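Q: give me the fold of what follows.
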Amino acid sequence: MITIASLVILLPFLAAVTGLLGSRFPRRPHSVRPPETGEGGILGADAPEADAPRSDAFKVNADTAANHRAAWIAVVPTAVSAALAIWLAYATWAATGGGGAEPSAPVGPGGQGAIDGVTAAFTVIETGSVPISVGLLVDGLAASIAVLVAVVALAVQIYSVGYMRGDRRYPSYSSFISLFTSAMLLVVYAADLMVLYVGWEIMGLCSYLLVGHWWEDRANSRAAIKAFLVTRIGDVGFLFGIFVLGTAAGSFRIADVIAKVPEMSSGTLIAATMLLLAGVAGKSAQVPLHVWLPDAMAGPTPISALIHAATMVAAGIFVVARLYPAFLGARPTLDVLAVLAAIGMLGAALAALAQDDLKRVLAYSTISQLAYMAGALAAGSRSAAIFHLITHGAFKALLFLCAGAVIHAVGSNLMSTMGGLRRGLPVTFAAMTIGFAALMGLPPASGFFSKDEVLVAIEGSLSSGSLTSAAALLLYGCALATVAVTGAYATRAWLRTFFGQRAPQPQSQPASGAPHAVHTAAHTAVHEAPATMRWPILVLAVPALLLGFARVGDVHWDAAALSLAVALLGAGAVYAVWRSDPLADPARLLGPFRAPCEQAFHVDSVYTGLFVRPVLLLASLVVRADGRVVDGAVRGSGRATLGLAGLVRLVQNGNAQLYITGLLAGVLLIAAGAVIFR
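A: Next comes the predicted model:
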């Protein structure tokens, strides 16, 4: 099993190295292929890419042969890796008697737990204190998450072949996706916390490179830098949390750390888990480090699908699940996690309800759904959190890829430019309907079953005592309210995208002297995306619809009925408002709260005032001090040396008469001094 797990990680890594170093060789003259609207490509002449406008130079300068090689180099190893991950998950499931889908570490209320899986160390690095064991671990938790990562990564790679057609930097783009995939798989299969941290940091680098793929646009580069810096803030705490756990356990091996949890003091566990929680909040975009994720929508849409469904944001929840016994031994940390989850799930859902950008709706939706998982973990149910993580990965990847197809057809991210697309995009409409149903928790979609388990776990925390009563009540109240708001924003996005009529939109700036025209849906026909984009959508629609039936026997029908009724209440309210005026935005039902919700409660502005501006002011003071004091001292010493040299130069001018006169004057002064002071 360890050999197979190694191959699952190494194949995407080798694809990344080969793609970066070899896809452009042998070099050929750049070929120019006109944009296509059929099976071959995404960029039609009348359908510019919306979420990242590019100049024609990106297409004209593209090396088509290099892009084809890069596509094969990226897709084939990822496909093999996905197949091996599926086989490994099945083998693990069979070895555990059909329980492989359940995280396999038995966890008790006191934090006891043991890793029930296969582990192996390739080498041990002596550090002089706590050794680092370079090894892998395969258990039910790792195997199930690895399948999610590999399958979504494969779908994204295939989808990108059409989506990024003609992009001159496609080889590096596909290579970074492969590296991203390999890093997340390393996090999943790592048997040592330091090995896990390596994959954790490589993902941060890849997110920076991919979000800023079209860095010529300043907004894209700023979004990439923001994502990198915000997640780095959390990673500082994460690293120190690893140090605390490793030092207390005498080992960084995850199995050793979990085995030593019962022997650790509560102070050690609280300190370690609080520090780890900082990294989790950064990677999984949870309050208060959630602000990077909506801005990360500046990157290509397939990258949004990868980040939101299978890599970055899933890593934080996975780490809490992997080290769950340590968190169970630190009850104050669970209370903090519950409060942050409650605030995050409802706040992000309200923000999603007011957005006009379709991708930002899905981004805030991801923050909200991840908060559901964090709430389940705080409530004491790791299985519910992981189940929802897997189903969410399927339907959120589906939603983002469908959003990319819609953007391709319309030429804009904004829902105000959409409407009535269900006739022109029947496949995308059906698939996105499944995705929205899963997001809302409507049967028989997968989200109905996983969200039911999360809500049951949160409701159980009211009486189980796993959380303080105030934290449990806040979490449960926000969870139910979020169900209603989720139904509202999902219905709003669905209606505004596929129903009604498209509002008249101004065309791009006409040529000089031409009249400024207006086009409507009648003048601009929408069309489905090419096959390379449609097939991943169709494949992901299957688990998004049917995956929940794997746990159909665990459904709590009373809680499920309550959740369904609340979701339909939110959906019905939005439908009634939309029905009264299909061209108006149903977000108007928020009334005076719409503006703060649209601005995500001005958290970015608060951070700008509290942190960004003071840091910029301090930086400007440092620059001035460096220029006037440090550099001034250097320049001043130089000027003083030049002045002194000028004085010395006056007596070293090469005039022999002056030298003799000076010599005689000196002798005269010495003689006079000798006579006078004798």
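Q: and Ala573, how many neighbours?
A: 17 (other C-beta atoms under 10 Å). C-beta: built from backbone N, CA, C; applies to glycine.
Q: repeat for Arg422
A: Counted with other C-beta under 10 Å, residues neighbouring Arg422 total 16.
Q: state the distance from it to Thr428.
A: 9 Å (C-beta to C-beta, to the nearest Å).
Q: check Leu362 too.
A: Here the criterion is C-beta to C-beta. By it, Leu362 lies 14 Å from Thr428.
Q: isn't Leu275 right next to Gly234, touching?
A: No - between Leu275 and Gly234 there is no contact under C-beta atoms under 8 Å: 9.7 Å.
Q: neighbour count for these two, which is higher?
A: The residue with the greater number of neighbours, taking Leu275 and Gly234 and applying other C-beta under 10 Å, is Gly234; the counts read 26 against 22.
Q: wait, isn't that one in contact with Ser284?
A: No - under the criterion of C-beta under 8 Å, Gly234 lies out of contact with Ser284, with a separation of 9.3 Å.
Q: could I have stretch 362-377 exported to PDB, CA atoms only?
A: Extracted as PDB, the C-alpha positions of stretch 362-377 are listed here (Å, rounded to 0.1, in the frame of the first residue of the first chain):
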ATOM      1  CA  LEU A 362     -19.600  30.300  -4.800                       C
ATOM      2  CA  ALA A 363     -16.500  31.600  -2.900                       C
ATOM      3  CA  TYR A 364     -18.500  32.800   0.100                       C
ATOM      4  CA  SER A 365     -20.600  29.600  -0.100                       C
ATOM      5  CA  THR A 366     -17.300  27.700   0.300                       C
ATOM      6  CA  ILE A 367     -16.400  29.600   3.400                       C
ATOM      7  CA  SER A 368     -19.900  28.900   4.800                       C
ATOM      8  CA  GLN A 369     -19.800  25.200   4.000                       C
ATOM      9  CA  LEU A 370     -16.300  24.800   5.500                       C
ATOM     10  CA  ALA A 371     -17.700  26.400   8.600                       C
ATOM     11  CA  TYR A 372     -20.300  23.700   8.700                       C
ATOM     12  CA  MET A 373     -17.500  21.100   8.800                       C
ATOM     13  CA  ALA A 374     -15.600  23.000  11.500                       C
ATOM     14  CA  GLY A 375     -18.900  23.100  13.500                       C
ATOM     15  CA  ALA A 376     -19.300  19.400  13.200                       C
ATOM     16  CA  LEU A 377     -15.700  18.900  14.400                       C
END
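Q: with adjacent residues omitted, what lies nearest to Val80?
A: On the basis of C-beta to C-beta, 6 or more residues apart in numbering, the spatially nearest residue to Val80 that is not a chain neighbour turns out to be Leu11, at 5.6 Å.
Q: which SS class is the closest residue to Ser368 other than its chain neighbours?
A: Of all residues beyond its chain neighbours, the one nearest Ser368 is Ala348 (4.0 Å), with distances taken as C-beta to C-beta, 6+ apart. Reducing the assignment at Ala348 to three states with DSSP: H, G, I helix; E, B strand; the rest coil gives helix.
Q: now swap in the one 3 residues further on and tell me
A: The local conformation at Ala351, judged by three-state DSSP, is helix.
Q: would you agree it is in contact with Phe601?
A: Yes - counting by C-beta under 8 Å, Ala351 touches Phe601, with 7.2 Å between them.
Q: just checking, what packs against the helix or strand where Val152 lies?
A: Secondary-structure assignment from DSSP states H and E places Val152 in helix 140-163. The contact analysis (3 or more C-beta pairs under 8 Å, 6 or more residues apart in numbering; DSSP states H and E) places helix 140-163 against helix 2-22, helix 64-95, helix 170-189, helix 301-309, helix 312-322, helix 382-410, helix 531-546.
Q: how far off centre is it?
A: 15 Å (C-alpha atoms, centre = their mean, to the nearest Å).
Q: I'd like to check the angle between that helix and helix 301-309, please.
A: Helix 140-163 and helix 301-309 are oriented at 170 degrees to each other (axes from the mean of the first three to the mean of the last three C-alpha atoms, to 10 degrees).
Q: now do helix 140-163 and helix 2-22, the angle between them.
A: Here helix 140-163 points in a direction 30 degrees away from that of helix 2-22 (the same axes, to 10 degrees).
Q: tell me the average confidence for helix 140-163?
A: For helix 140-163, the per-residue pLDDT values average out at 95.
Q: then stretch 453-471?
A: When pLDDT is averaged over stretch 453-471, the result is 91.
Q: hey, where'd the strands end up in the stretch 201-350 of the chain?
A: The residue ranges that make up strands in the stretch 201-350 of the chain, judged by DSSP state E, counting those that start in this stretch, are empty, as it has none.
Q: so, low pLDDT: which residues of it?
A: Low-confidence segments of the stretch 201-350 of the chain, defined by pLDDT under 70, are absent; every residue clears the threshold.
Q: if we go to 90?
A: Scanning the stretch 201-350 of the chain for pLDDT under 90 picks out the ranges 214-220, 297-299, 308-312.
Q: now the strands for the stretch 401-550 of the chain?
A: If you assign secondary structure with DSSP E, counting those that start in this stretch, the strands in the stretch 401-550 of the chain sit at 505-506, 518-519.
Q: pick out the shakiest of those, pLDDT-wise.
A: In terms of mean pLDDT, the lowest-scoring of these is strand 518-519 (a mean of 38).
Q: helices of the stretch 501-650 of the chain, start to end?
A: If you assign secondary structure with DSSP state H, counting those that start in this stretch, the helices in the stretch 501-650 of the chain sit at 531-546, 557-580, 594-598, 603-607, 613-625, 631-650.
Q: what sits up against the longest one?
A: Just to be clear, that refers to helix 557-580. 440-443, 448, 451-452, 455-456, 459, 480, 483-492, 495-496, 500, 584, 586, 588-589 (C-beta atoms under 8 Å, 6 or more residues apart in numbering).
Q: please identify the buried residues of it?
A: By neighbour count with 16 or more other C-beta atoms under 10 Å, helix 557-580 contains the buried residues 559-560, 562-564, 566-568, 570-571, 573-575, 577-578.
Q: ok, the third one next?
A: The neighbour-count check on helix 594-598 (16+ other C-beta under 10 Å) flags 594, 597-598 as buried.
Q: what mean pLDDT does that helix get?
A: Within the predicted structure, the mean pLDDT of helix 594-598 is 94.
Q: what's near enough to touch Gly662?
A: Listed by C-beta under 8 Å, 6+ apart, the contact partners of Gly662 are Val651.
Q: element containing it?
A: Residue-wise, Gly662 maps onto helix 656-676 under DSSP H and E.
Q: now do Ala120
A: Element membership for Ala120, per DSSP H and E: strand 118-125.
Q: for that strand, packing partners?
A: helix 2-22, strand 132-138.
Q: now what about that strand, what contacts it?
A: 1-2, 131-139, 191-192, 253, 255.
Q: low-scoring pLDDT stretches of the stretch 351-500 of the chain, where are they?
A: Across the stretch 351-500 of the chain, the ranges flagged by pLDDT under 90 are 408-412, 419-420, 463-466, 500.
Q: gap between Asp256 and Asp139?
A: Distance, Asp256 to Asp139, using C-beta to C-beta: 15 Å.
Q: more crowded one of those two?
A: Applying other C-beta under 10 Å to Asp256 and Asp139 shows that Asp139 carries more neighbours, namely 24 against 18.
Q: surely the more buried one and Gly117 touch.
A: Yes - in this structure, Asp139 sits in contact with Gly117. The criterion is C-beta under 8 Å, and the distance is 2.7 Å.
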